[in-house]
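Chemist: The following block contains a protein sequence and its predicted model.
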Amino acid sequence: MNKKLALILAVLMLLTICLTACQSTPAGSDTPSQQGGSNEPAKATEAPKSDEPKGDETPAGTGTEDAEGDSNFNPTGWPVCKEMETIHVLCSRSNYAPDDLNELYIVQQAEAITNVHIDFESYTGTTYSEKYNIILASGTYPDVISDGMSPLMQAMYGMQQHIFIPQDPYVDAYMTNLQALFDKKPALRAYISCADGNMYTLPRLNEGGWMQSGNMLIINNSWMDDLGLDMPSTLQDFEAVLKAFKENDCNGNGDANDEVPLYALLNLVGYNSGNTGLQHIFGAFGINMSASYLDVDENGKVYFTGMDDRYKDAVRYLRKLADEGLLSTLGFSSDWDTFNAAFNQEPYVYGCFGIWEIGDGFTSPNGPIEYDFVQPLKGLNGEDPVFGIEQYPGYNYRWVITRDCEKPYIADRYADYWFQPDQSLTTIEGAIDGPNPRLIPCTVCNNGRALMVNTDVPEGMTILMFRDNNFASFFPCGCTREYYDERLHLHFTDRKVQHIDNDLKPYADKSYIPGSLNYTVEEAERVNQILSDIRDYTNRRGVEWVSGTGDVDADWDAYIAELKAMGVEDYVKHSQSAYDRFVEVMNRK
């Protein structure tokens, strides 16, 4: 293994989940969460051993011949195996999930039906990152790794090193439930396939309507009502509302100085923290900011948004808000747990901030009553805003099979159990039956088919604990929007879905680039070398400019020069190639 590859692998571990994946997610979501530690793998300390197949060698275990000779294996129907088989699975687990994931009722159900036992090796937060890193560097692998499989990882460990094996033969031969999902969503297979055409992961699809956009900017509507203010519709109106929040004892606690008009957590665009809500502000300047810092213009040309003049204009506006005491910069050095506790304290002190979902972000029922979504804001000169609306919402990656798995056909037939519609639903939202079901018949609609979330939480548990002891975010699955609309009514998400569909979609960015691009091996090598430093630098400078420790106008030329020296032009070039392939493939679907 040469030194260059070892360095690439070390940097690669920092990038895996930045554009995808989750840890402890808000109810109804499969997106990067602000509610727990990241499951982003840590830096590699040692490169994987060098005895793996190279170049065009075909790794063992990529056909179905072994399955045909296995008398214990059932290619169709249940159970998967006549006698119990065991699969060793490495995965992350949610903060409040049991240490032994086999205690989960839905996992016990799956074992009883499939005759497959999962030997879980699971960790939370950064511990998972560390273990994941060590295992990938060890040369000895579990049968399945279920988290952290971005296209960048697949290119390096699948396409190049053959540690991950293609799953296409098993999908085509044995995964009838996944095949049915592909029939309904033809773009899904293309989306999760790598640049060499192979699937190294299975999908985790959650197309709930709330998945179309990330965190929303919310505002204390009760404060505006008390002050006689209307919902702002322009940046000027927005600033005026923030000033009113600052100048009044809006929460009525006798302290006119404890109100925080606008708050942003950790950074400007959501990189490494989930979305902060400030994308709403950038959108008013006509630019769609995302964690990848990439967008596409009307001619299909990929560009780096952190170098765009509209980005600079937005940063200048945010600096003005900070200078006037309207935007708190304390959040740039805070963390989610601290902020979550703070914004949930009553009486509320935060006027405006980003949150995944009003309906389940607050611990008190008063929160969803007092707060509302900020409407689209027109720019300083009356320009229409722009919002990033996900065209493939909830398309994610789970379940890679390693070359050490002796019976990959069993691993994938077991995974196919979770692609049954109701079983998919349980991995995202929790058990439908059993001793403590989280999903119960919907009493709002009462149509005999729909389910809703059970709010009767077992004694000694919080809402989040209840969910973490019910669902299984580490399994692949497939819940379409149509299925969600029919089968599960998350009424607390209705406001967000309506806000996206009715208010934001009319201003959707007409040019779409996915958050995760499928790079070739050569492209992935270069992107992995440079991307972490580029994004860290871009975010750090943005925070400095807004916080007042730098000046965006005075520093701009040097900032652009530094980005170019870091290789941002290579990042854009390789992303352009990957985007062009994405468009070509999707146009065939």
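Modeler: Perfect, thanks for sending it.
Chemist: I'd like the secondary structure assignment at the residue lying closest to N396 once chain neighbours are set aside, please.
Modeler: Closest residue in space to N396, ignoring its immediate chain neighbours: R204 at 4.2 Å, by C-beta to C-beta, 6 or more residues apart in numbering. Yep, even glycine has a C-beta here, placed from its N, CA and C like the rest. Three-state call for R204 (DSSP: H, G, I helix; E, B strand; the rest coil): strand.
Chemist: I'd like the numbering to begin with 402 instead of 1 from here.
Modeler: All right, first residue 402 from here; so that's R605.
Chemist: I'd say R605 and A816 touch.
Modeler: No. Counting by C-beta atoms under 8 Å, R605 does not reach A816; the two are 10.6 Å apart.
Chemist: Need the overlap of contacts for those two.
Modeler: F876, P877 (C-beta atoms under 8 Å, 6 or more residues apart in numbering).
Chemist: if we can go back for a sec, contacting residues for the residue nearest to N797?
Modeler: D431, G795, N797, Y798, R799, T828, F876, P877, C878, G879.
Chemist: May I have the beta-bridge partners of it?
Modeler: Beta bridges link R605 to N797, C878 when assigned by DSSP bridges.
Chemist: And it, how far from V508?
Modeler: With distances taken as C-beta to C-beta, to the nearest Å, R605 is found 16 Å from V508.
Chemist: got the CA coordinates for stretch 638-648 in PDB?
Modeler: Only the C-alpha atoms of stretch 638-648 are listed here, as PDB (Å, rounded to 0.1, in the frame of the first residue of the first chain):
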ATOM      1  CA  ASP A 638     -39.000  43.000   7.100                       C
ATOM      2  CA  PHE A 639     -37.100  40.100   8.700                       C
ATOM      3  CA  GLU A 640     -34.400  42.500  10.100                       C
ATOM      4  CA  ALA A 641     -37.200  44.800  11.500                       C
ATOM      5  CA  VAL A 642     -38.800  41.800  13.300                       C
ATOM      6  CA  LEU A 643     -35.500  40.800  14.800                       C
ATOM      7  CA  LYS A 644     -34.900  44.300  16.000                       C
ATOM      8  CA  ALA A 645     -38.300  44.300  17.700                       C
ATOM      9  CA  PHE A 646     -37.500  41.000  19.400                       C
ATOM     10  CA  LYS A 647     -34.200  42.500  20.700                       C
ATOM     11  CA  GLU A 648     -35.800  45.700  22.000                       C
END
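Chemist: Report the distance from that stretch to the chain centre.
Modeler: Relative to the centre of its chain, stretch 638-648 is centred 32 Å away, using C-alpha atoms, centre = their mean, to the nearest Å.
Chemist: What residues sit buried inside that stretch?
Modeler: If you call a residue buried by 16 or more other C-beta atoms under 10 Å, then stretch 638-648 has these buried ones: D638, F639, E640, V642, L643, A645, F646, K647.
Chemist: On the C-terminal side of the longest helix belonging to the chain, identify the next helix or strand.
Modeler: Taking DSSP state H as the criterion, the chain has its longest helix at helix 922-948. Of the helices and strands lying after helix 922-948 in sequence (DSSP states H and E), the nearest is helix 953-967.
Chemist: Tell me which other helices or strands that following helix touches.
Modeler: Judged by 3 or more C-beta pairs under 8 Å, 6 or more residues apart in numbering; DSSP states H and E, helix 953-967 is in contact with helix 710-724, helix 922-948.
Chemist: In the longest one, which residues are buried?
Modeler: For helix 922-948, the buried set under the neighbour-count rule, 16+ other C-beta under 10 Å, comprises 924-933, 935-936, 938-940, 942-948.
Chemist: got it, and the first one?
Modeler: Residues of helix 710-724 classed as buried: R711, Y712, K713, D714, A715, V716, Y718, L719, R720, L722, A723 (neighbour count, 16+ other C-beta under 10 Å).
Chemist: Dump those residues into CSV; add pLDDT as well.
Modeler: As requested, those are arranged in CSV below (pLDDT from 0 to 100):
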residue, pLDDT
R711, 96
Y712, 95
K713, 96
D714, 96
A715, 95
V716, 95
Y718, 96
L719, 95
R720, 96
L722, 96
A723, 95
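Chemist: ok now do the residue lying closest to V947 once chain neighbours are set aside, which residues does it touch?
Modeler: For V947, ignoring the flanking residues on the chain, the nearest one in space by C-beta to C-beta, 6+ apart is L719 at 4.7 Å. For L719, the contact set (C-beta under 8 Å, 6+ apart) comprises L669, L679, I682, L728, V947.
Chemist: Show me those residues that map onto strands.
Modeler: Judged by DSSP state E, strands contain the following of the contacts of L719: L728.
Chemist: List just the nearest of the contacts of L719 to C806.
Modeler: L669 (42.0 Å; C-beta to C-beta).
Chemist: residues near that closest one, how many?
Modeler: 25 (other C-beta atoms under 10 Å).
Chemist: Now do the contacts for it.
Modeler: Contacts of L669 by C-beta under 8 Å, 6+ apart are T677, L679, F683, M690, V716, L719, N940, G943, V944, V947.
Chemist: just the residues you listed: which has the poorest pLDDT?
Modeler: Ranked by pLDDT, the contacts of L669 bottom out at T677 (61).
Chemist: Brilliant, that's me finished.
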